[in-house]
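Peer 1: Sequence and predicted model, in that order:
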Amino acid sequence: MSRYLVTPAAHVNGAITVPGDKSISHRTLMLGSIAEGVTEARGFLDSEDCLATMAAMRALGVNVERPSEKAVRVHGVGMHGLRVAQHSLDMGNSGTAMRLMTGLLAGQSFDSELVGDSSLMKRPMERAAGPLRQMGAHIDTLNGRAPVRIHGGHRLRGMRYEMPMASAQVKSAVLLGGLYAEGATTVVEPAVTRDHTERMLLGFGCDITAVRGTVTLRPPQKLQAGSFDVPGDFSSAAFFMVAGCLAARDVLTIRGVGINPTRTGLLDILSLMGADLRLVNHRSAGAEPVADIEVRRSQLKGIRVPEELVPLAIDEFPVFFVAAACADGETVLTGAEELRVKESDRIAVMAEGLRAMGVDSEVLHDGIRLQGKPQGHVFSGGTVDSHGDHRIAMSFSVASLRAAKPIEILDVANVATSFPGFVDIARQAGLDVALQA
Ligand code: S3P
């Protein structure tokens, strides 16, 4: 089982570029596949999660070319051009891929089956299957989990769906089903979640409106392909934002990062903690805003995280806990029970790793309470288990900047699901991470 050995480094510095956005890369493959014409995306994330989606679209009869490692050319087959796959579609570790594909496949004329790795097979799938079933889809799950069997050939009806949890994956699954429905589909969100699907559907020419958390899609005749750049993934930049706060020598710049406001909750949270983060060189890529993020060393202070920011920072909490452990005073997070059904139970697994390095916390059913230590070594070092969760592995790498001794991080192979090249980029920034096979 591969692991990282991370030796405490004195500081980080310089300029880095993180790989392309995972959410946008998945959606590019799915929407490009059912569009008319060729969709070309530069800056595509060639991570294991997105490659699982690519393999699925190919199995459904779509020609996806790779003109270079970080570009895809998707030859759209039109809304009704997908063909039955000859085998189960393996979505690997990716909840996004499995839930969005459930929506896309619900409206097809043929049957499909979705499976995944041991982590994905344990995650809840009824949250996507349930509303699609209400629209007329025939979908089976096994005790609410994968395999997800989608029986094609059933007419879908548009509906108004009041989503019980704040989930962009569920919203997107319902909207993708809505592309094939009779009549309009409306999703009402309990809190704002990432809106890449809506932006991209608009870019592909769909009639979609979003007003204060209510998204309405009128089913299109067709989607029109286009070409665009995929911005750097804010969730990958997040590790370096915290690293810079803890230990930038002068300034650590992360170039070309997507700063869609439905993704940048961590910027607001770190700013509330007193971080010196500056967005410069604003521009756009496709339908998404982009900037360079400059991070300077900052003495963070503990906060109570405003609950409305939770869905806007949902993937960033593992590294946020590292920041909170280094802050002056107490930090309290509540309203984040969704963290328990991610690639791992991120509240339990982070608390376990922090405890292994001498940082106590109080685990709440929907969050955590922890007392930070603003000076000196915060983490003892030693061995922590990422439980195969990519974001936990990368977060504990950042903790090394305040560790007394090296940190050994177990079970790190899944970093490749979201951040290929993490070790090289982290080393470029100044972290001393080594992969041990
Ligand atoms: C994602 C939505 C979020 C996020 C995930 C990517 C997406 O999941 O955690 O990494 O691309 O729609 P939820 O919708 O389950 O919160």
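Peer 2: Perfect, I can see it now.
Peer 1: Need the three-state assignment for residue 243.
Peer 2: What DSSP: H, G, I helix; E, B strand; the rest coil gives for residue 243 is helix.
Peer 1: if I read this right, it contacts residue 401, doesn't it?
Peer 2: Yes - between residue 243 and residue 401 there is a contact at 6.1 Å, judged by C-beta atoms under 8 Å. For the C-beta atoms, the positions are set from N, CA and C on the backbone; glycine is no exception.
Peer 1: which residues are common contacts for these two?
Peer 2: Counting by C-beta atoms under 8 Å, 6 or more residues apart in numbering, the contacts common to residue 243 and residue 401 are 12, 431.
Peer 1: Of these two, give the one with the bigger neighbour count.
Peer 2: residue 243 (30 against 26; other C-beta atoms under 10 Å).
Peer 1: Can you give me the buried ones in stretch 240-253?
Peer 2: Neighbour-count burial for stretch 240-253 flags 240-248, 251-253 (criterion: 16 or more other C-beta atoms under 10 Å).
Peer 1: Most widely separated two among these?
Peer 2: The most widely separated members of the buried residues of stretch 240-253, counting by C-beta to C-beta, are 246 and 253 (15.9 Å).
Peer 1: before we move on, back to that, got the buried residues of stretch 240-253 as a markdown table, with pLDDT columns?
Peer 2: Compiled in a markdown table, those are given as follows (pLDDT from 0 to 100):
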| residue | pLDDT |
| --- | --- |
| 240 | 99 |
| 241 | 99 |
| 242 | 99 |
| 243 | 99 |
| 244 | 99 |
| 245 | 98 |
| 246 | 98 |
| 247 | 98 |
| 248 | 98 |
| 251 | 98 |
| 252 | 99 |
| 253 | 99 |
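Peer 1: What are the boundaries of the helices in this protein?
Peer 2: 22-34, 48-59, 95-106, 126-134, 168-178, 196-203, 234-247, 265-272, 317-325, 346-356, 390-399, 422-429 (DSSP state H).
Peer 1: nearest residue to residue 104 other than its sequence neighbours?
Peer 2: Nearest non-adjacent residue to residue 104, counting by C-beta to C-beta, 6 or more residues apart in numbering: residue 176, 4.6 Å away.
Peer 1: Strands of the stretch 251-400 of the chain, start to end?
Peer 2: In the stretch 251-400 of the chain, the segments counted as strands under DSSP state E, counting those that start in this stretch are 276-285, 288-296, 330-333, 361-364, 367-371, 382-385.
Peer 1: Which one, of the ones you listed, ends up nearest to the ligand?
Peer 2: Closest to the ligand of the strands of the stretch 251-400 of the chain, according to C-beta to the nearest ligand atom: strand 288-296, at 13.0 Å.
Peer 1: packing partners for the closest one?
Peer 2: helix 234-247, strand 248-258, strand 276-285 (3 or more C-beta pairs under 8 Å, 6 or more residues apart in numbering; DSSP states H and E).
Peer 1: repeat that for 6 Å
Peer 2: Packing partners of strand 288-296 (3 or more C-beta pairs under 6 Å, 6 or more residues apart in numbering; DSSP states H and E): strand 248-258, strand 276-285.
Peer 1: can you tell if the longest one touches the ligand?
Peer 2: So the one you mean is strand 248-258. No - Strand 248-258 does not reach the ligand (C-beta under 6 Å from any ligand atom); its nearest approach is 12.0 Å.
Peer 1: Residue numbers of the stretch 301-437 of the chain in contact with the ligand?
Peer 2: 314-315, 338.
Peer 1: which of those tops the neighbour count?
Peer 2: Highest neighbour count within these, by other C-beta under 10 Å: residue 315, with 24 neighbours.
Peer 1: Contacts only, for it.
Peer 2: By C-beta atoms under 6 Å, 6 or more residues apart in numbering, residue 315 lies in contact with residue 235.
Peer 1: quick one: it from residue 264, how far?
Peer 2: Residue 315 is 12 Å from residue 264, where distance means C-beta to C-beta, to the nearest Å.
Peer 1: what touches both of the two?
Peer 2: Applying C-beta under 6 Å, 6+ apart, one finds that no residue jointly contacts residue 315 and residue 264.
Peer 1: Give me the distance between residue 39 and residue 95.
Peer 2: 23 Å.
Peer 1: Please read the previous query as pertaining to residue 138.
Peer 2: Plainly put, residue 138 is 22 Å away from residue 95 if you go by C-beta to C-beta.
Peer 1: Same question for residue 320.
Peer 2: Counting by C-beta to C-beta, the separation of residue 320 from residue 95 is 20 Å.
Peer 1: Looking at these two, which one has more neighbours?
Peer 2: residue 320 (25 against 22).
Peer 1: Per-residue pLDDT of the more buried one, please?
Peer 2: If you check residue 320, the pLDDT there is 99.
Peer 1: gap between it and the ligand?
Peer 2: 14 Å (C-beta to the nearest ligand atom, to the nearest Å).
Peer 1: hang on, the earlier thing: now distance to residue 387 too, for the buried residues of stretch 240-253, in CSV please.
Peer 2: Below are the buried residues of stretch 240-253 laid out as CSV (distance: C-beta to C-beta, whole Å):
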residue, distance to residue 387
240, 23
241, 24
242, 20
243, 22
244, 27
245, 26
246, 24
247, 26
248, 30
251, 34
252, 28
253, 32
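Peer 1: of all these, which comes closest to residue 171?
Peer 2: Nearest to residue 171 among the buried residues of stretch 240-253, with distances taken as C-beta to C-beta, is residue 241, at 26.0 Å.
Peer 1: Who are the contact partners of residue 377?
Peer 2: Contact analysis of residue 377 by C-beta under 6 Å, 6+ apart lists residue 404.
Peer 1: What of residue 265?
Peer 2: Residues counted as contacts of residue 265 (C-beta under 6 Å, 6+ apart) are 309, 312-313.
Peer 1: what does residue 23 give?
Peer 2: So residue 23 contacts residue 196 (C-beta under 6 Å, 6+ apart).
Peer 1: can you check residue 374 too?
Peer 2: By C-beta under 6 Å, 6+ apart, the contact list for residue 374 reads residue 328.
Peer 1: Kindly recompute the last result at 7 Å.
Peer 2: Shown in contact with residue 374 (C-beta atoms under 7 Å, 6 or more residues apart in numbering): 299, 326-328.
Peer 1: Let's see the PyMOL selection covering just the buried ones among these.
Peer 2: Selection of buried members from the contacts of residue 374 for PyMOL, criterion 16+ other C-beta under 10 Å:
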select buried, resi 326+327
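Peer 1: can I get the contacts of residue 374 in TSV with pLDDT?
Peer 2: As requested, these are exported to TSV (pLDDT from 0 to 100):
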residue	pLDDT
299	98
326	98
327	98
328	98
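Peer 1: What is the nearest of the contacts of residue 374 to residue 198?
Peer 2: Lowest distance from residue 198 to the contacts of residue 374 (C-beta to C-beta) belongs to residue 327, with 34.6 Å.
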